[in-house]
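# Pasting the sequence and the predicted coordinates here, then a few questions.
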Amino acid sequence: MDNSTSILDHGLETTTYEYDYGIAPVRNDEVKSFAAHFLPPLYSLVFIFGLLGNGLVVLILIRYKKLKSMTDIYLLNLAVSDLLLILSLPFWAYYAAHMNWVFGAEMCKILSAIYDAGFYSGSFFIVLLTIDRYLAVVHAVFALKARTVVYGIITSLIMWVLAFLAATPGFIFYKVLPKFEMGYSCEPFYPSEMWKKFVPVMMLILGLVLPWIIMVFCYVSIVRILIKGRNERKQKAIRLIFVIMIVYFIFWVPYNITFLLQGYQNPFFCNNDCVSNLEIARQVTETIAMMHSCINPVIYAFVGEKFRKYLSTLFRKYMVCLHRFCPSFDHAPFERSLSSMSTSERDISTGL
């Protein structure tokens, strides 16, 4: 029986694909039913809350904080990377609901690359925020010269280049493939077994292992400094550090492990039920990982005292506007109320 198929419709070039190394579309009814019923509402919730939270971060950073520090630059880029990931979700939600890719071959490649770039850049900017916090606390004197807006912009540009390079396999290997029933799927199609195994390993190393190693090193060093001084602010900072690490671990480890297992599944030891269960597990853990983009604004921005002040300012201003009265708003009182707290104290007490 010929295991190759040609794509003839939707304006796609006639191409023959061998399914030896590509991931053929899963036909199990249980997988399709789960995807159609659960993924669209979950994607929609992540899209709404992620768009709201990260949109507020971008607005506050640009309009109120004016991007005056390296931390602000990294927070802005983290919010943009989260937005990049979640803005592709409506397309994937429609695809999951209808089990048919209708957006064309080019959009399949572009959206896959955008999704992967958002994933990698999010991890990279969390690492940069960790290093930024490490410098502020552990190497405070050196940080005065190193933690500048210029260096923040330069390192951010480097991270974006690395993120899009890491997302290149998504752009190259994702293709629109004919399903065994009517319709088309947007799936990865690897040219060899090596690529099929390399991509999950690369994602595990760049998206989880390296960030986790850097975070552990930096936060252990920070805790050693903070634990020497016993006061309430520093104790709050230590608790925040552990929250950041645990949340990152909980949201991303299950997806990376499942994706790795799916890439290394052996057809001799993994039957159809095993393949279906792995696919459902990947969908569930991937959705959980996406939710981290909704948590990021809470952890990295809104827990800070200054951000909460600006958020309160923003809501009060627009609540007044809703009553058709928009007075000119002076932000100076809020700046003065925070000026008594030194920069280093804010770094320690708010985690920023």
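Received, thanks.
# ok, the closest residue to residue 222 other than its chain neighbours - how many residues close by?
Excluding the flanking residues, the one nearest residue 222 by C-beta to C-beta, 6 or more residues apart in numbering is residue 137, at 4.9 Å. The way it works is simple: take the backbone N, C-alpha and C, and place the C-beta from them, glycine included. Burial of residue 137 is recorded as 23 neighbouring residues (other C-beta atoms under 10 Å).
# Next: the one 4 residues further on.
With neighbours defined by other C-beta under 10 Å, the count for residue 141 comes to 8.
# Distance-wise, check it relative to residue 74.
21 Å (C-beta to C-beta, to the nearest Å).
# Also residue 306?
15 Å.
# again, but for residue 161
16 Å.
# Neighbour count: these two, which is higher?
residue 74 (26 against 10).
# Tell me the secondary structure at the more buried one.
helix (DSSP: H, G, I helix; E, B strand; the rest coil).
# Model confidence for it, exactly?
pLDDT for residue 74: 92.
# Report the contact partners of it.
125, 128, 129, 132, 152, 156 (C-beta atoms under 8 Å, 6 or more residues apart in numbering).
# Most neighbours among those, which one is it?
Neighbour counts for these (other C-beta under 10 Å) peak at residue 125, which has 28 neighbours.
# What helix or strand is the nearest residue to it once chain neighbours are set aside located in?
Closest residue to residue 125 apart from its sequence neighbours, by C-beta to C-beta, 6+ apart: residue 78 at 4.1 Å. If you go by DSSP states H and E, residue 78 is part of helix 70-86.
# and what of residue 185?
Going by DSSP H and E, residue 185 is in strand 184-188.
# just checking, what packs against that strand?
Applying 3 or more C-beta pairs under 8 Å, 6 or more residues apart in numbering; DSSP states H and E, one finds that strand 184-188 makes contact with helix 104-138, strand 174-178.
# For those, give me a markdown table that also has distance to residue 292 and mean pLDDT.
Compiled in a markdown table, those are given as follows (distance: least, C-beta to C-beta, whole Å; pLDDT from 0 to 100):
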| stretch | distance to residue 292 | mean pLDDT |
| --- | --- | --- |
| helix 104-138 | 8 | 91 |
| strand 174-178 | 22 | 89 |
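# can you redo those as TSV with distance to residue 60?
Below are the helices and strands packed on strand 184-188 laid out as TSV (distance: least, C-beta to C-beta, whole Å):
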stretch	distance to residue 60
helix 104-138	16
strand 174-178	35
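# Looking at those, spot the one closest to residue 33.
strand 174-178 (20.8 Å; C-beta to C-beta).
# and stretch 36-56, average pLDDT?
Mean pLDDT, stretch 36-56: 90.
# cool, stretch 227-247 as well?
Averaged across stretch 227-247, the pLDDT comes to 72.
# Look at residue 340 and report its pLDDT.
45.
# Look at residue 253 and say how many residues are nearby.
16.
# who touches the closest residue to it other than its chain neighbours in this structure?
Excluding the flanking residues, the one nearest residue 253 by C-beta to C-beta, 6+ apart is residue 208, at 6.6 Å. By C-beta under 8 Å, 6+ apart, residue 208 lies in contact with 123, 252, 253, 256.
# what residues are up against residue 57?
75, 76, 79, 297, 301.
# who are the neighbours in contact with the first one?
In this case it means residue 75. Applying C-beta under 8 Å, 6+ apart, the residues near residue 75 are 57, 61, 129, 300, 301, 352.
# what kind of secondary structure is the fourth one in?
Recorded secondary structure, residue 300: helix (three-state DSSP).
# The first one too?
What three-state DSSP gives for residue 57 is helix.
# Which of the helices and strands in the chain ranks last by mean pLDDT?
strand 4-6 (a mean of 40; mean pLDDT, DSSP states H and E).
# thinking again about what came up before, now do the strand holding residue 185 against helix 104-138: the angle between them, please.
40 degrees (axes from the mean of the first three to the mean of the last three C-alpha atoms, to 10 degrees).
# chain center to stretch 118-125, what's the gap?
Put simply, stretch 118-125 sits 6 Å off its chain's centre (C-alpha atoms, centre = their mean, to the nearest Å).
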